[in-house]
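Q: after the sequence you'll find the predicted model.
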Amino acid sequence: MIRTAPRLALLGTIAFTLAACGGPFARATTERAPLAGDDDISRPGATSAENAQRSSVLDLFTNASDPNVTVEVNRYIWQAAQDVLSFLPIQAVDPFTGVISYGYGTPPGGGRAYRATVFVQDPALDARSLTVALASRAGPVAPETQRAVEDAILTRARQLRVAAGGL
């Protein structure tokens with residue numbers, strides 16, 4: 001009797017667990033018709049087809065993304081950065097991520113050597129699309145100097161767009 005009690009308890013637990021899980025012999029449950037307020041609250045206005053295509057946490061571990069997808073950059077900002085910083089030697093260019101790295105160079109009429117990294121991150125011709133990191137041999141430059149270079153690049157980009165008739 002002492003040996004059979006644990007066996008019966010184990011057998012009862014297994015039976016209860018399998019019954020709760022359903023398994024292949026479970027009856028089909030009936031689904032209710034969706035109500036008007038049953039939209040996905042995380043994506044209001046989304047249709048049921050859009051909700052079916054949404055991603056989950058497990059999508060992080062799949063290799064379903066296209067490796068050929070690139071970041072779109074604004075061609076006017078790209079060209080303007082090269083025009084404004086033409087006194088700096090280009091060390092690395094990655095048009096797929098929008099990064100231009102320049103080496104040290106001295107501007108015309110200047111005495112300090114500078115280096116810059118330009119990051120064009122959006123196809124729009126906005127100040128948000130451009131990030132410039134400017135440094136001298138002594139370290140980072142003053143924020144006013146960095147802002148002046150960004151303004152010069154954006155002004156030149158607008159001039160290029162007007163000249164191309166893309167206004």
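A: Good, I have the coordinates. Keep in mind it's a predicted model, so treat the numbers as computed, not measured. Residues are numbered from 1 along each chain as shown.
Q: what about the strands in the chain?
A: Secondary structure of the chain (DSSP state E): strands at 90-94, 99-102, 114-120, 130-136, 139-140.
Q: mind putting those in TSV, mean neighbour count and mean pLDDT included?
A: Quick note: C-beta positions are derived from backbone N, CA and C, even for glycine. As requested, the strands of the chain are arranged in TSV below (neighbours: other Cβ atoms under 10 Å; pLDDT from 0 to 100):
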stretch	mean neighbour count	mean pLDDT
strand 90-94	12	93
strand 99-102	19	95
strand 114-120	21	94
strand 130-136	18	93
strand 139-140	8	92
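Q: any chance of those strands in a markdown table, with distance to Ala9 too?
A: Below are these laid out as a markdown table (distance: least, Cβ to Cβ, whole Å):
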| stretch | distance to Ala9 |
| --- | --- |
| strand 90-94 | 65 |
| strand 99-102 | 65 |
| strand 114-120 | 65 |
| strand 130-136 | 66 |
| strand 139-140 | 70 |
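Q: alpha carbons of the longest helix anywhere in the chain, as CSV, please.
A: Ranked by number of residues, the top helix in the chain under DSSP state H is helix 143-163. Taking C-alpha atoms only, helix 143-163 is exported to CSV below (Å, rounded to 0.1, in the frame of the first residue of the first chain):
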residue,chain,number,x,y,z
PRO,A,143,30.0,72.8,-30.3
GLU,A,144,29.8,76.1,-32.2
THR,A,145,32.5,75.0,-34.7
GLN,A,146,30.7,71.7,-35.2
ARG,A,147,27.4,73.4,-35.8
ALA,A,148,29.0,75.8,-38.2
VAL,A,149,30.3,72.9,-40.3
GLU,A,150,26.8,71.2,-40.2
ASP,A,151,25.2,74.4,-41.3
ALA,A,152,27.7,74.8,-44.1
ILE,A,153,27.0,71.3,-45.3
LEU,A,154,23.2,71.8,-45.2
THR,A,155,23.4,75.2,-47.0
ARG,A,156,25.5,73.6,-49.7
ALA,A,157,23.1,70.7,-50.0
ARG,A,158,20.2,73.1,-50.5
GLN,A,159,22.2,74.9,-53.2
LEU,A,160,22.8,71.7,-55.0
ARG,A,161,19.1,70.8,-54.8
VAL,A,162,18.1,74.1,-56.2
ALA,A,163,20.8,73.9,-59.0
